[in-house]
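Engineer: Structure, please.
(2 chains, ligands or ions: 3)
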Amino acid sequence: MAAPKIRSELRFILNGQDVSLRDVAPDHTLLDWLRLSKLLKGTKEGCAEGDCGACTVLVGRLTPSGGLVYEGVNACIRFMGSLDGCHVVTVEHVAARDGKLHPVQQAMVDYHGSQCGFCTPGFVMSLYALWMQTPNPTDQQIETALQGNLCRCTGYEPILRAARAISSYGGTEKDPLLVERDAMIARLKALKDGARVEIGEGKSRFVVPASLDDFAAVLEASTTATVVAGSTDVGLWVTKHMRDISPVVFIAGLDELKSISVAGDTVTIGAGVTYTEALKTLANHVPALGPLIERIGGQQVRNMGTIGGNIANGSPIGDTPPALIALDATLTLRKGSERRTIRLEDYFIAYGKQDRQPGEFVEAVHVPAPAAGEKFAVYKVTKRRDEDITASLGAFRLSLSADGTVTGITIAYGGMAATPKRAFAVEKALLGQKWTEATVEVAMEKYAEDYTPLTDMRATAEYRALVAKNLLLRFYTETTSGAATAQVSRYEAA
Amino acid sequence: MNKHTPDLKAEKIEGGVHASVRHDSAHKHVAGTAVYIDDITEPAGTLHAGLGLSTVAHGLLKSVDLSAVRAAPGVVDVLTYEDIPGVNDISPSGMHDDPVLAEGKVQFHGQPIFCVIAETREEARRAARLAKIEYEELPANIDIWDLDQTTHPQVFPPLTLQRGDAAAALESAPRRVKGRMRLGGQDHFYLEGQVSLAVPGEDDEVLVHCSTQGPSETQHMIAHALGVPSNAVAVEVRRMGGGFGGKETQANQCAALAAIAAKKLNRAVKVRLDRDEDMVATGKRHDFAIDYDVGFDDEGRILGIDYTFALRAGFSADLSGPVGDRALFHCDNAYFYPHVHAKSALLHTNTVSNTAFRGFGGPQGMVGAERVIDEVAFAVGKDPLEIRKLNFYDPMGVDGTRNVTPYHQKVEDCIIQRIVAELEESADYAGRRKAIQEFNANSRFIKRGLALTPVKFGISFTKTESNQAGALVHVYTDGSVHMNHGGTEMGQGLHLKVAQVVAEEFQIDLDRVKITATTTAKVPNTSPTAASSGADLNGMAAQDAARQIKDRLIDFAAEKYQIPRDQVVFLPNRVRIGNAEIAFNDLVKQAYMARIQLSAAGFYKTPKIHWDRSKGRGHAFYYYAYGAACSEVSVDTLTGEYVVERTDILHDTGRSLNKIIDIGQVEGGFIQGMGWLTTEELWWDGKGRLRTHAPSTYKIPLASDRPKIFNVNLTDWSEAYEPTVHRSKAVGEPPLPLGLAVLHALSDAVAAVADHTICPQLDAPATPECVLMAIERLKARKKG
Ligand SMILES: Cc1cc2nc3c(=O)[nH]c(=O)nc-3n(C[C@@H](O)[C@@H](O)[C@H](O)COP(=O)(O)OP(=O)(O)OC[C@H]3O[C@@H](n4cnc5c(N)ncnc54)[C@H](O)[C@@H]3O)c2cc1C
Ligand code: FES
Ligand code: FES
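Structural biologist: Ligands and ions are numbered 1, 2, ... in the order given. This is a model prediction of the structure:
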């Protein structure tokens, strides 16, 4: 491979203005840059950890197919280095130049969507992103779009009223970002020069590789570098733990890692694919994954965070690994030009330890759909329904013979052990047995052999153990007598 | 807001009292142009702070080595207690137990020990981590559940309320139940964290921009810590990004540190806490252990009751005394207790010092009362709503005997019967009760629950001297008005309401009244904006100021046009003088030419109230605000997860000054109360570390936690019994305990697993875990 051209300047567009920066630290956040360097104070800091949404801005980026999408992201955990070639839109850019409020803003005013107002710019940005894509959303769509926005004053009701009314203030056809879309695409394309961006040196250095191959080369040459995809984990290492992450390789902009392909019964998801990008295909392929993904983080986190990162991070409370393990997913790892594919289950060795070599990275995950007749479900149990980290998550895949005997069962849990982990003893108690409540009751007693969960701020060990068992009973009930009877749900089943 | 030309023919002004006007800053909120403390343009050379926090819950400071901190890049100075020029104390209670920076010992995990001042905030935060501190760890009390309340140290003298002979009534009651409830605390989670920007001035002067609910108190604390007179310190705040009680006393530490550093270094200094530090280092709503012993008859009428409300005070008194008092003041909720004995226990712990939070202990008292109602209902086998109704205070206008509170105040304005009756009807309580029974009979895993709970909330500070307020009103020669008062804006629409009162007084459109930042330099010695009193007190003070000016204008016009005073009438944007009408602006101009003073300081103090703490007697509250909520939930008995299906609320704000603002307070207060009692769990580990110190682990409600159906109404028929400002009632705190309806609906659903034969004794917060464990308890008891 020929070495790409190197550029030591970051280029993107802020609101209307072209920006090029040479002096950027690898851990410099977009929020700090906006507030401290650009003195754009409309974007607020409420938590600096991706949970409150006060810092929401839009990031417009070219899609691999040449389109331009605007998504709400958390500026507090978004690193500057990941913005090369993007269009950043802040709340200051939403009203018309003459000060006339945008429909989103006017609706928020008229429906009393703000009290203290501190959360409001973030809500405006989240609702703006929603409205651009879905001008007449359902309540479920609104609530889903607002999972990443906390408001402590209003109780949300007036914000919902505003959200429902936005389109009555004007259609998307007049929206400046949409009107100027083609021009913006041209401007952003012009920024794409195919160069590798390298900025800084020594203890403050980052690289935005030019291509997937370039990424492989960069990482092989710099094996201690921190790979950053969506930064929804790494961001907190910086803002909360003040960890040094240099040198950094930013991979969010690599089109080649953004591919989603379906071959036969298997979907292959590139490591750079965000939750938002993966949602539709995955939900088509394995319907139970749709609602699961929509309960990971908030919309902003899903717009940035990747499934690749969720896996690579190796957390015992990541939500996708147990589900994908239960589906018998495989993982392609790559180092330089070498690739290997392993079972996802084998990737997780111990707490903080994964089967990944220095210089190696996650390239893609391959997710087989359940076979015809197989039943698959995944249940996430949390303190708060949305934007909460798992206390216990169970994923189940079952096949039955014609006479109701269990011919295949795979069960994996998160939150129950130091890694995402299979429930082998439970599986064993089920396999070959009749799929009856009596069998299930026997199997429920086997959980103690598989898991010794911990007590922490999310749940006690007793609760985790009890819920884990009961989820099997829920699965049994749903597979035998219909879903609606064994779960509370906020929304009517799709 | 001065684009508008006044309509001189209008029949009504725009935006007077009782008008549903939108929040004065709404257009700025949505555009990102509303300025919060951290958004103020920083003076050149502004420095930034980072705090060094204790890593143990209780210990002596053996050595504090800050050399690496001082040597870190960008660091300008490091403050310890030795750098405090005045007194190292910001105790609001006079107990001298709240150091600005720890001195010799640390008393909770997260207590500030030192404060780094650096060129950037990031440098300060990074440097703060480099300290080498050795502790001699001492035993620490974290939880209160197992403490001996009779011997354990208390941070402030406790209170006892007593009326009648509770012990004898309990002895002779046909039925009796005793129990204990665990009730969690709550983090304020104001979206804007604690922040102060201090700008040094000449001599001993300093100006501090501070996100505080109590600018005067902040000013006095800063002066105390700096060792300068109060007149050297000005504290200013235009708006807060939320307060909820968390910026009443808790704003003072950042303010004092910023001021001390600014004066020492003669540069502007900003102290802004990181969210996690904020949650670890600043106080919260008190959690309680509530003991109750209730005697009642076979109908479920309460005869005698004994309560102990023990609270986790934390390491210092702060406001724990008065918070405990208010819990006792509300241990009756809306119920008459013929014989009552209730006491508080303000237990010292090695945790952050708990503080004011919307309701100020009142909601905790009401949670105790409602648990007792549940116990009685299960004991006599009736719907809890029946027991509630049976025990209400006598309604207003009935000259009965069931109308005296445990603190010997007569309840004269009770309208809870009518509110509950209307809500029962509009929410179809009876119909849904039946439907739920049928649903539960046919549903194995999902159980539904329903509850309707009342609220009666006492309005006034119990500290009598706090019930005063000042305002300053200027009328400029063009007829535009500048309004200032002692209250602070934290989103509740206080400035708007007070401006409406001023507009009404002058009969000018609201946009002629300029809202300005609260500052101690304009209105001195103000009370914190708390106890729901903001509009009641400041509205009256501003009205007084406006009236003084108006009186002078009337005198002037009467004299000038030689007509009786009563022929000078303020009409919308104009004044009728005899038979002629002139624009308000013109009258003002003429008055100015005639050298009439067009500025006035207004004042108000609440009449009637008095309170003798040592006797536990008094007219503690000027009046009561009422409300009720009805909630329905679905509970998954396999996991404890739940959904709030529907909530209906009917709430009383008297003759509302601004309905739309009040409805916002009710909606928001309910959701906040619901959060407190459901998913908001504070969790300390064995070492006294708060582990739920971030929004990732501390879960306040989201949009998707709202009731699926949410109907909120204000009583359109009520008005304050006392002559409050335009007969409106306070609305800040009273709606919060409406959230109890959700806790009790959950309890009702849990009870379904044992056919409503066993009281679930559901503690709070009723997280899914807490709900599931209650279900398991009931199932086990039903079996065995
Ligand atoms: C507010 C909030 C809520 C959240 N809620 C949930 C939740 O409900 N459920 C859940 O499971 N998670 C949740 N998360 C975490 C989740 O967003 C992450 O785990 C995410 O999936 C990680 O992806 P990323 O692209 O952001 O990774 P990054 O943060 O960029 O990286 C994470 C880790 O993976 C490594 N990495 C990333 N990509 C690669 C690669 N291709 N090859 C090798 N290493 C790589 C990084 O070096 C780093 O170690 C939440 C996070 C936040 C901030
Ligand atoms: S500041 Fe809270 S999500 Fe960014
Ligand atoms: S309006 Fe105050 S946090 Fe939303």
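
Engineer: where in chain A is pLDDT low?
Structural biologist: By pLDDT under 70, the weakly predicted segments of chain A are A:1, A:483-484, A:493-494.

Engineer: Break it into its domains for me.
Structural biologist: A:6-92+A:181-250, A:103-174, A:259-480 (automatic domain parsing).

Engineer: CSV for the ones you listed, including mean neighbour count?
Structural biologist: Just so you know, the C-beta spots here come from the backbone N, C-alpha and C atoms, and that holds for glycine as well. Formatted as CSV, the domains of chain A follow (neighbours: other CB atoms under 10 Å in any protein chain shown):
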stretch, mean neighbour count
domain A:6-92+A:181-250, 20
domain A:103-174, 23
domain A:259-480, 20
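
Engineer: so can I have a markdown table of the ones you listed showing distance to ligand 1?
Structural biologist: Shown next, in a markdown table, are the domains of chain A (distance: least, CB to the nearest ligand atom, whole Å):
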| stretch | distance to ligand 1 |
| --- | --- |
| domain A:6-92+A:181-250 | 3 |
| domain A:103-174 | 7 |
| domain A:259-480 | 2 |
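
Engineer: Same list, the ones you listed, but as a markdown table with distance to B:Ala541 please.
Structural biologist: A markdown table is the format used below for the domains of chain A (distance: least, CB to CB, whole Å):
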| stretch | distance to B:Ala541 |
| --- | --- |
| domain A:6-92+A:181-250 | 32 |
| domain A:103-174 | 23 |
| domain A:259-480 | 42 |
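
Engineer: Please identify which residue in the stretch 1-150 of chain A comes closest to chain B.
Structural biologist: At 2.1 Å from chain B, A:Gly42 is the closest residue in the stretch 1-150 of chain A, using CB to the nearest CB.

Engineer: Which residue, neighbours along the chain excluded, lies closest to that residue?
Structural biologist: Of all residues not flanking A:Gly42 in the chain, B:Gly32 sits nearest, at 2.1 Å (CB to CB, 6 or more residues apart in numbering or on different chains).

Engineer: Isn't the one you found up against A:Val91?
Structural biologist: Yes - using CB atoms under 8 Å, B:Gly32 is in contact with A:Val91, at 3.8 Å.

Engineer: Identify the contacts common to the two.
Structural biologist: Common neighbours of B:Gly32 and A:Val91 are listed as A:Gly42, A:Thr43, A:Pro121, A:Val124 (criterion: CB atoms under 8 Å, 6 or more residues apart in numbering or on different chains).

Engineer: And chain A, is stretch B:53-67 touching that?
Structural biologist: No - for stretch B:53-67, no contact with chain A is found by CB under 8 Å from any CB of the partner chain; the gap never falls below 13.7 Å.

Engineer: quick one, what contacts residue 110?
Structural biologist: I'll assume chain A. A:Ala162, A:Ala165, B:Arg22.

Engineer: that's the wrong chain, I wanted chain B
Structural biologist: Neighbours of B:Gly110 in contact, by CB under 8 Å, 6+ apart: B:Leu53, B:Ser54, B:Glu277, B:Val280, B:Ala281, B:Val352, B:Arg689, B:Leu690.

Engineer: Please report which of those has the highest neighbour count.
Structural biologist: With neighbours taken as other CB atoms under 10 Å in any protein chain shown, the top of the contacts of B:Gly110 is B:Val352, carrying 28 neighbours.

Engineer: tell me the secondary structure for that one?
Structural biologist: Under DSSP: H, G, I helix; E, B strand; the rest coil, the three-state class of B:Val352 is coil.

Engineer: wait, what's in contact with B:His220?
Structural biologist: Residues near B:His220 by CB under 8 Å, 6+ apart: B:Ser230.

Engineer: which SSE is the residue in the stretch 401-550 of chain B positioned nearest to chain A in?
Structural biologist: Closest contact between the stretch 401-550 of chain B and chain A, by CB to the nearest CB, is at B:Gly491 (2.9 Å). For B:Gly491, there is no host helix or strand (DSSP states H and E).
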